[in-house]
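Asker: Pasted the sequence and its predicted model underneath.
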Protein chains: 2
Amino acid sequence: MKIELTTEEKIYEAAKEIFYRKGLDGARMQEIADLAGINKALLHYYFRTKEKLFGAIVKRVAEVFFPVLFSTWNMDIPFEAKIYTFTDKYIDFLIKHPFIPNFVINLIHQNPDKVKSLLNFDKLPISAQLEEQIRVEIEAGNIIDVDWRQIIISIISLSVFPFIGSPMLKIIFKLDDEEFLKIMEERKLIIPKMVMAWLKP
Amino acid sequence: MKIELTTEEKIYEAAKEIFYRKGLDGARMQEIADLAGINKALLHYYFRTKEKLFGAIVKRVAEVFFPVLFSTWNMDIPFEAKIYTFTDKYIDFLIKHPFIPNFVINLIHQNPDKVKSLLNFDKLPISAQLEEQIRVEIEAGNIIDVDWRQIIISIISLSVFPFIGSPMLKIIFKLDDEEFLKIMEERKLIIPKMVMAWLKP
DNA sequence: AATTAGTTTAACCGTTTAGTTAATTACTAT
DNA sequence: ATAGTAATTAACTAAACGGTTAAACTAATT
């Protein structure tokens, strides 16, 4: 059974692929057209300019990436369960979309203001609930007294970096794709264990 | 006292700045020339092509980045001291050169084979000593039984990612440069503490 | 003062690339 | 069937960009 994609979908898929790998500047409209199997003029027919096409991809990526990143944080579940849930869900997502982190990092690196306004962080409190939860846990003596931001930074670092740095890790440890995947699966449990061992008094 | 840079040094400084921020594709030779305060033709007089100029910057970066990354690993000091030394040295380096990790990641991402041959990892064993040291520590029962690669990946992640993701962290936590720096300084001790808490039986 | 080698510049060239145009084909509703 | 609209293409344009050239300037050497 062969699924026929609409032209617009074909363009999205091709543009995503090229932009992920080469960025806005490195990508060529002709290359995207070729990969989509269409004429270059058709690209401009659907998305008037390169910037608009790039913006459409960015919007799509942001819509999946940030919700997955933030959704768990404000859930109403115990602290420890939250960390286990986060790493499990997030690493699952990263295994499916390994190029997104690097894409987002470069995006925000080259255009912090645009990303800021795109996501207007001021409106929704990203980590207010988690911040409060950590404060309560510290006061109750369940975890040691650490800057709550250090906790979040550490968990994100441990989860995301291996995917951003995967080409380097593959070289250093001489890993093939399968081995790399296995190590990432293991991290779903290693990360929360590490964090809890650190935070337990 | 004003130090007069040679033209070549001025080009290096300008090219580094532009390439760090915009990458090979995003950088313009004219822009580099302007920043260096010279004519564009002079750029081609010193470094014949854009690729050669980029390659010169890459070489310079690799010469400082990788030694700092790997040197501590094979030192002949106790395991715990090694972790403390690494985070201290490495975060110091990253504070001084915050743009290098992202630059290197993109480099290796877009051209893994070139980087591989550039550094010929096969010749010098990057982590052989550390691997053996971890094995001994596990057998002696000093640390729990974990894949040694997970340990290294975790330490690198915890140290490097905050700098790669700094623009995002600054948005999420509403940090200015000073606060960010303070948090990174704190991590010099937090990271080894976290790792040791995890590894202690 | 003349010679020479290295340095710097303004003007130019050829190619690549994003974007346009005008004409053609496929589809849809009457 | 046909008119009208949407989708698609080949050919073209204008601008940006990497790179070249030839001439001018500088400083050391004879």
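Answerer: Sure, I can see it.
Asker: what about chain A, any weak spots by pLDDT?
Answerer: A:1-4, A:120-125 (pLDDT under 70).
Asker: ok, and what's touching the helix or strand hosting A:S71?
Answerer: Element membership for A:S71 (DSSP states H and E) is helix A:50-71. Residues from elsewhere that reach helix A:50-71 (Cβ atoms under 8 Å, 6 or more residues apart in numbering or on different chains): A:11-12, A:15-16, A:19, A:24, A:27, A:29, A:32, A:43, A:47, A:89-90, A:93, A:97, A:100, A:103-104, A:107, A:118-119, A:126-127, A:156. C-betas here are computed from N, CA, C, even on glycine.
Asker: Ok, stretch A:91-109 next?
Answerer: A:19-21, A:23, A:58, A:61-62, A:64-65, A:68, A:115, A:159-160, A:163-164, A:166, A:181, A:184-185, A:187-188, B:102, B:105-106, B:109, B:164-165, B:167-168, B:171.
Asker: quick one: which of the residues you listed sit in strands?
Answerer: Assignment to strands by DSSP state E places none of these there.
Asker: which among these end up buried?
Answerer: A:19-20, A:23, A:58, A:61-62, A:65, A:68, A:115, A:159-160, A:163-164, A:166, A:184, A:187-188, B:102, B:105-106, B:109, B:164-165, B:167-168, B:171 (16 or more other Cβ atoms under 10 Å in any protein chain shown).
Asker: Export stretch A:48-56 to PDB, keeping only CA atoms.
Answerer: The C-alpha coordinates for stretch A:48-56 follow below in PDB (Å, rounded to 0.1, in the frame of the first residue of the first chain):
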ATOM      1  CA  ARG A  48       7.000  32.300  -1.700                       C
ATOM      2  CA  THR A  49      10.500  32.700  -0.400                       C
ATOM      3  CA  LYS A  50      13.200  30.500   1.200                       C
ATOM      4  CA  GLU A  51      12.800  32.400   4.500                       C
ATOM      5  CA  LYS A  52       9.000  31.600   4.500                       C
ATOM      6  CA  LEU A  53       9.700  27.900   3.800                       C
ATOM      7  CA  PHE A  54      12.300  27.800   6.500                       C
ATOM      8  CA  GLY A  55       9.800  29.600   8.900                       C
ATOM      9  CA  ALA A  56       7.200  27.000   8.200                       C
END
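Asker: How far does that stretch sit from its chain's centre?
Answerer: 21 Å (Cα atoms, centre = their mean, to the nearest Å).
Asker: Repeat that for stretch A:85-101.
Answerer: 7 Å.
Asker: Alpha carbons of that stretch, in CSV - could you do that?
Answerer: Provided in CSV are the C-alpha atoms of stretch A:85-101 (Å, rounded to 0.1, in the frame of the first residue of the first chain):
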residue,chain,number,x,y,z
THR,A,85,8.7,10.1,33.2
PHE,A,86,10.6,13.0,31.7
THR,A,87,13.7,11.0,30.7
ASP,A,88,11.6,8.2,29.4
LYS,A,89,9.4,10.3,27.2
TYR,A,90,12.0,12.7,26.1
ILE,A,91,14.6,10.2,25.1
ASP,A,92,11.9,8.3,23.2
PHE,A,93,11.2,11.5,21.3
LEU,A,94,14.9,12.2,20.6
ILE,A,95,15.4,8.7,19.3
LYS,A,96,12.6,9.4,16.8
HIS,A,97,13.9,12.9,15.9
PRO,A,98,17.6,12.9,16.6
PHE,A,99,18.3,16.0,14.4
ILE,A,100,15.8,18.3,16.1
PRO,A,101,18.0,19.4,19.0
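Asker: so what's the residue nearest to A:W148 when sequence neighbours are not counted up against?
Answerer: Spatial nearest neighbour of A:W148, chain neighbours left out: A:I134 (4.2 Å); criterion: Cβ to Cβ, 6 or more residues apart in numbering or on different chains. A:I134 makes contact with A:F79, A:I143, A:W148, A:I151, according to Cβ under 8 Å, 6+ apart.
Asker: Report the separation between the second one and B:A197.
Answerer: From A:I143 over to B:A197 the distance is 12 Å, taken as Cβ to Cβ, to the nearest Å.
Asker: So between the two, which is more surrounded?
Answerer: Between A:I143 and B:A197, counted using other Cβ atoms under 10 Å in any protein chain shown, A:I143 has the larger neighbour count: 20 against 16.
Asker: just to revisit the earlier point, so which of the contacts of helix A:50-71 reach DNA strand D?
Answerer: Among these, none lies close to DNA strand D by the criterion of Cβ under 7 Å from any atom of the strand.
Asker: still on that earlier bit, which of the buried ones among the contacts of stretch A:91-109 fall within helices?
Answerer: Members of those lying in helices (criterion: DSSP state H): A:19-20, A:23, A:58, A:61-62, A:65, A:68, A:115, A:159-160, A:163-164, A:166, A:184, A:187-188, B:102, B:105-106, B:109, B:164, B:167-168, B:171.
Asker: Now the host helix or strand of A:M196: buried residues?
Answerer: Assigned by DSSP H and E, A:M196 falls within helix A:177-199. Neighbour-count burial for helix A:177-199, counted by 16+ other Cβ under 10 Å, picks out A:180, A:183-184, A:187-188, A:190-192, A:194-199.
Asker: Nothing else from me, thank you.
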